[in-house]
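Enquirer: What follows is a protein structure lacking sequence information:
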């Protein structure tokens, strides 16, 4: 028998176009442009007696990945990635409030700043978050009586980290196999069925377009191949409220007798584990969709629209994520009563059961760095612009003391 | 050990000398680390080995501008080239000069038995498996999900500047943890090899210590309320490092993110906090900070009053004083440690013990809070936290009677208020690996 060439002599190339490669073009000027723009925005339109102190983090990189093994895999990937985070701290006397906004994309830095000017969506968003930080100085928590009256939580897609923490991690095959998932048993069978209401559909893979269709070239968590050379699949995890798939590395796929899904990643030198990429609530068209936020809340007697998160964490039974601010809903109308930062806690097994509806375009909005097993990985979470969840014992909103 | 220390020193000095002539000042940190780790997930045993991992972190000052660069190369020419390239992108900098450290060899946190253990993965594996088996044996027949890990590591580090050094150090570390059913956990870490039973017995000891019953807040306390809880030293350390530092660090004050001043009352009069960045045997101690400043043991808070704000060289210069030796490369988000800029941080911490036995800190029904889920998202601006309790115990007159039901409890408070409202500090203290702290009692709202 003829021996197989090792490695395969023909390299399979994957990658995205890099317009302004930081290896060739000095990125110092666009970074300085970013600094100047953030300082300008922080100082603009701030009321007397209030200071807004900005903090900016940003980086851009082109990552080259080469994967070769004794089975003959020989693949490479070139991936530009850029990241931008701004924290606005509003200070008035001893009172402080803050907001944080992040942008991340499989794109060069020029996606955010070009020829000295911020992209329109960045400029607009930073201005809004500066204003929110100032407004938060006068925000209030819900009272105990109000919390008891809440009938619905409406989650803006900036606060959907629970999709990553509460639904994504428990459907990673290595966590399920270890008995660490409250919703998938070690043999791969659902512990909870249905997991959510019939309108719930969750997907991991390339970032979705506005209609929820995968776009291979978009998303902060996007890769074209994983660290084992497997092409990234658009993996449906939950369909019609039922768990229909898991995320796999080659190793877990072999154990479960299924095809790998392109979720095998590791930091160089660390153990290969199952990681999420862009994990998104992508409901199918049809029932459950409203035309707008105002239509979505029309039947909400008393609720709160929650925005933003500073991160979350998962345990076996549930998850916790912070919320940055909210707006009170009374008698079907979103008011201008601002709600203080809080914590959204959900029991994994029941939190999707009361998802009632959606409004707005789907977007992998939440940019983050998942720290599973001490290994950092860029990811996103997201969904429709607004997700309406009925109050239940499985979800809880509490407020900072 | 001494051969590899010399290698790190030689590389550090070669890089420094290769750049020094072209800049006003230069600072080079070289480290080389090895790590042997075994994780256990029930029957699955997962090795992770890391050998000869080099990192080089460099800063240079030239004409009032700062350039930074990092590499993972142990060829001096690569690092010299990287820092030279970075000079073209140097940015205006207030820091006038780097430290001028004295030549030092520091092996105080290096244990020869632990150094050698890194080369014996089979022994590390045996310890991890024994911890798991001990947990299983402590609850025979019951389905228990066990995660465990034993990691041993060693590092050589050298720091030099144009005007001083090198500070050369060797250190070792062992850390181990075990988690039961994804909720209750225990850990041990230190710079010296402990008795094997400390590592191999961790799982069994944890399972044996857990009451069989679990309770909700409604069942145990009748619902949400403010109550005096006991806070575990590990959680207390996390709160101090993430939220208290934000209030008192000199760089935060200079950025006008905090109005703290020395002399402010920041805690109950019984509270005394010492920072000792040079503590021997601590994972957070060393011959100097990341700027080569050798800070000594200092009272940060005594009698509840802020006595000294931790600072790095930049913030100390702006405040017209000397650095307290608290400049660390603290990574945020996806930064590697060697890439992170110098930020003010805590090294080793100590809080003076109280005079009350741990189990007498509280009376009646309350909880011991071991951990809070998602504490990294707590509010650094205000000191507020509001998180689910993970791995707590329900106490009656200080005695554990039940586990807190996972996902059924949350804790809400504000660290700054909590410190001022302390009702007790235990006379027992725990060495967490990086801090020596008592259990503390303070009012927190649980729900």
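Expert: Nice, I can see it. Small disclaimer: the values here were computed from a predicted structure and weren't measured. Numbers count the residues shown, from 1 in each chain, chains lettered A, B, ... in the order given.

Enquirer: make it CA atoms for all contacts and neighbour counts henceforth
Expert: OK.

Enquirer: Look at residue A:9 and report its pLDDT.
Expert: Here, the pLDDT recorded for residue A:9 equals 67.

Enquirer: Quick check: phi and psi at residue 316.
Expert: Going with chain A. phi -60, psi -40 (degrees, to the nearest 10).

Enquirer: isn't it right next to residue A:176, touching?
Expert: No. Residue A:316 is beyond contact range of residue A:176, at 10.0 Å (criterion: C-alpha atoms under 8 Å).

Enquirer: who touches both of those two?
Expert: Taking C-alpha atoms under 8 Å, 6 or more residues apart in numbering or on different chains as the contact rule, residue A:316 and residue A:176 both touch residue A:170.

Enquirer: burial measure for residue A:286, as a count.
Expert: Residues near residue A:286, counting by other C-alpha atoms under 10 Å in any protein chain shown, number 8.

Enquirer: Kindly report the same for the one 10 residues further on.
Expert: Counted by other C-alpha under 10 Å, the residues lying close to residue A:296 total 23.

Enquirer: next one: residue A:143
Expert: 11.

Enquirer: Which pLDDT value belongs to it?
Expert: Listed pLDDT for residue A:143 reads 90.

Enquirer: what's the spacing between it and residue B:112?
Expert: 58 Å (C-alpha to C-alpha, to the nearest Å).

Enquirer: where does residue A:31 fall, phi/psi-wise?
Expert: Per-residue torsions, residue A:31: phi -60, psi -40 (degrees, to the nearest 10).

Enquirer: Which element, helix or strand, includes the closest residue in space to it that isn't next to it in sequence?
Expert: Nearest residue to residue A:31 in three dimensions, chain neighbours excluded: residue A:58, at 7.6 Å (C-alpha to C-alpha, 6 or more residues apart in numbering or on different chains). Of the helices and strands defined by DSSP states H and E, residue A:58 is found in strand A:51-68.

Enquirer: Now do the buried residues in that strand.
Expert: Buried residues in strand A:51-68, counting neighbours by 16 or more other C-alpha atoms under 10 Å in any protein chain shown, are found at A:51-56, A:58-62, A:65-68.

Enquirer: after it comes which helix or strand?
Expert: strand A:74-92.

Enquirer: could you say what helices and strands that next one packs with?
Expert: Here strand A:74-92 touches strand A:12-15, strand A:51-68, strand A:95-105, helix A:120-136, going by 3 or more C-alpha pairs under 8 Å, 6 or more residues apart in numbering or on different chains; DSSP states H and E.

Enquirer: what is the rounded mean pLDDT of that strand?
Expert: If you average the pLDDT over strand A:74-92, you get 95.

Enquirer: go on, stretch A:274-288?
Expert: Rounded mean pLDDT across stretch A:274-288 is 90.

Enquirer: what about that stretch and chain B, any contact?
Expert: No. Using C-alpha under 8 Å from any C-alpha of the partner chain, we find that stretch A:274-288 stays clear of chain B, coming within 14.0 Å at best.

Enquirer: Same check on stretch A:368-377?
Expert: Yes. Against chain B, stretch A:368-377 shows contacts by C-alpha under 8 Å from any C-alpha at A:369, A:376, A:377.

Enquirer: I'd like the helices and strands packed on strand A:74-92 as JSON lines, with distance to residue B:121 appended.
Expert: Shown next, in JSON lines, are those (distance: least, C-alpha to C-alpha, whole Å):
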{"stretch": "strand A:12-15", "distance to residue B:121": "37"}
{"stretch": "strand A:51-68", "distance to residue B:121": "27"}
{"stretch": "strand A:95-105", "distance to residue B:121": "40"}
{"stretch": "helix A:120-136", "distance to residue B:121": "50"}
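
Enquirer: now these as TSV including mean pLDDT?
Expert: Listed next are these as TSV, based on pLDDT from 0 to 100:
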stretch	mean pLDDT
strand A:12-15	92
strand A:51-68	94
strand A:95-105	93
helix A:120-136	97
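
Enquirer: These: which one's closest to residue B:131?
Expert: When those are compared by C-alpha to C-alpha, strand A:51-68 sits nearest residue B:131, at 35.6 Å.

Enquirer: Just the pLDDT for residue 309.
Expert: Using chain A. 85.

Enquirer: Wait, chain B was what I had in mind.
Expert: On pLDDT, residue B:309 comes in at 96.

Enquirer: Give the burial count for it, as a bare number.
Expert: Residues near residue B:309, counting by other C-alpha under 10 Å: 24.

Enquirer: wait, what's in contact with it?
Expert: Going by C-alpha under 8 Å, 6+ apart, residue B:309 touches B:248, B:249, B:250, B:261, B:262, B:300.

Enquirer: so where do the helices sit in the chain?
Expert: By default, I'm working from chain A. In chain A, the helices defined using DSSP state H lie at A:28-43, A:120-136, A:144-149, A:161-162, A:173-177, A:250-256, A:293-296.

Enquirer: wrong chain, I was asking about chain B
Expert: B:2-20, B:76-86, B:112-117, B:121-138, B:196-200, B:202-209, B:217-221, B:233-239, B:245-248, B:250-254, B:313-319, B:415-420.

Enquirer: Need the winner for burial among those helices.
Expert: Of the helices of chain B, the one with the most neighbours on average (mean count of other C-alpha atoms under 10 Å in any protein chain shown) is helix B:245-248, at a mean of 22.

Enquirer: close to chain A, is that helix?
Expert: No. Using C-alpha under 8 Å from any C-alpha, helix B:245-248 stays clear of chain A, coming no nearer than 11.5 Å.

Enquirer: who's in contact with that helix?
Expert: Taking C-alpha under 8 Å, 6+ apart as the rule, helix B:245-248 contacts B:252-253, B:257-261, B:309-310, B:345-346, B:380-381.

Enquirer: hmm, which of these are the buried ones?
Expert: B:252, B:253, B:257, B:258, B:260, B:261, B:309, B:310, B:345, B:346, B:380, B:381.

Enquirer: Closest one of those residues to residue A:73?
Expert: The shortest approach to residue A:73 among the buried ones among the contacts of helix B:245-248 belongs to residue B:345, at 45.0 Å (C-alpha to C-alpha).

Enquirer: ranking the helices of chain A by burial, who's on top?
Expert: Among these, helix A:161-162 has the highest mean neighbour count (mean count of other C-alpha under 10 Å), at a mean of 30.

Enquirer: how far does the helix or strand of chain A with the lowest mean pLDDT sit from the chain's center?
Expert: Using mean pLDDT, DSSP states H and E, the weakest-scoring helix or strand in chain A turns out to be strand A:312-314, at a mean of 77. Taking C-alpha atoms, centre = their mean, to the nearest Å, one finds strand A:312-314 lying 12 Å from the centre of the chain it belongs to.

Enquirer: and the closest residue to residue A:89 other than its chain neighbours, how many residues sit next to it?
Expert: Distances taken as C-alpha to C-alpha, 6+ apart place residue A:98 nearest to residue A:89, at 4.3 Å, with adjacent residues excluded. Using other C-alpha under 10 Å, residue A:98 has 27 other residues around it.

Enquirer: Now do the contacts for residue A:98.
Expert: Residues in contact with residue A:98 (C-alpha under 8 Å, 6+ apart) are A:87, A:88, A:89, A:90, A:133, A:136, B:381.

Enquirer: Next, give phi and psi for the residue in the stretch 101-250 of chain B that chain A sits nearest to.
Expert: Nearest residue of the stretch 101-250 of chain B to chain A, counting by C-alpha to the nearest C-alpha: residue B:182, 5.3 Å away. Main-chain dihedrals, residue B:182, degrees, to the nearest 10: phi 70, psi 20.

Enquirer: thought it was touching residue A:176?
Expert: No. Between residue B:182 and residue A:176 there is no contact under C-alpha under 8 Å: 11.7 Å.
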